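**Student:** Would you be able to build a 3D model of this:
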Amino acid sequence: MDIVDLLTGESPKLQNYSLTKAGEGLPIERREGFKYYHLAGHLKNKLCEPFLVCAPCENDPDKEITLSRHEGQEFNYVMKGQLKLRIENNIEILGEGDSVIYDSGKGHGMTALNGDCIFLAVVLKKAKEGYTNA
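**Tutor:** Numbers count the residues shown, from 1 in each chain. Sure, this is the predicted structure:
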């Protein structure tokens with residue numbers, strides 16, 4: 001089952017491509033304070049889940065970052081602001097234009113620093129055996 005199925009109750013129908021115009025991503029509630037917009041909600045048989053994410057600035061920069069885990073890998077690209085990223089016991093500070101890819105089965109979490117942060121998050125899934133785009 002696709003994440004869009006769960007969120008909208010409708011299955012993606014497009015096979016060749018899915019175009020998302022600026023400001024038209026499918027809003028998703030995942031984490032308090034964060035805004036997620038799914039950027040390929042109408043494409044079926046996706047090998048990845050792309051999101052535009054708006055992360056709020058944490059008032060206490062020393063506050064423990066909550067970790068999550070999910071299958072696959074995740075790619076993050078910072079478009080605006082600074083992102084404090086924790087992967088297990090490692091802390092990285094990413095600025096505009098910085099990117100990272102990691103095993104998302106490992107504990108990971110993030111928060112914005114010095115103001116809100118906008119970043120592209122692409123969750124890469126394992127290809128299913130016999131995958132075809134037809």
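
**Student:** Every contact and neighbour count from this point should use C-alpha atoms.
**Tutor:** Noted.

**Student:** Quick one: list the elements packing against the longest strand belonging to the chain.
**Tutor:** Ranked by number of residues, the top strand in the chain under DSSP state E is strand 108-124. Here strand 108-124 touches strand 48-55, strand 73-87, going by 3 or more C-alpha pairs under 8 Å, 6 or more residues apart in numbering; DSSP states H and E.

**Student:** For it, buried residues please.
**Tutor:** Neighbour-count burial for strand 108-124 flags 108-113, 116-124 (criterion: 16 or more other C-alpha atoms under 10 Å).

**Student:** so what pLDDT did the closest residue to residue 94 other than its chain neighbours get?
**Tutor:** Spatial nearest neighbour of residue 94, chain neighbours left out: residue 83 (5.1 Å); criterion: C-alpha to C-alpha, 6 or more residues apart in numbering. Residue 83 is assigned 96 on the pLDDT scale.

**Student:** mean confidence for stretch 58-77?
**Tutor:** When pLDDT is averaged along stretch 58-77, the result is 89.

**Student:** If you could redo that for stretch 30-37, that was the one I meant.
**Tutor:** Averaging pLDDT along stretch 30-37 gives 88.

**Student:** Count residues in the vicinity of residue 23, would you?
**Tutor:** Residues lying near residue 23 (other C-alpha atoms under 10 Å) number 10.

**Student:** If you could redo that for residue 24, that was the one I meant.
**Tutor:** Neighbours around residue 24, by other C-alpha under 10 Å: 11.

**Student:** circling back: and the furthest pair within the buried residues of strand 108-124?
**Tutor:** Greatest spatial distance in the buried residues of strand 108-124: 113 and 124, 25.7 Å, computed using C-alpha to C-alpha.
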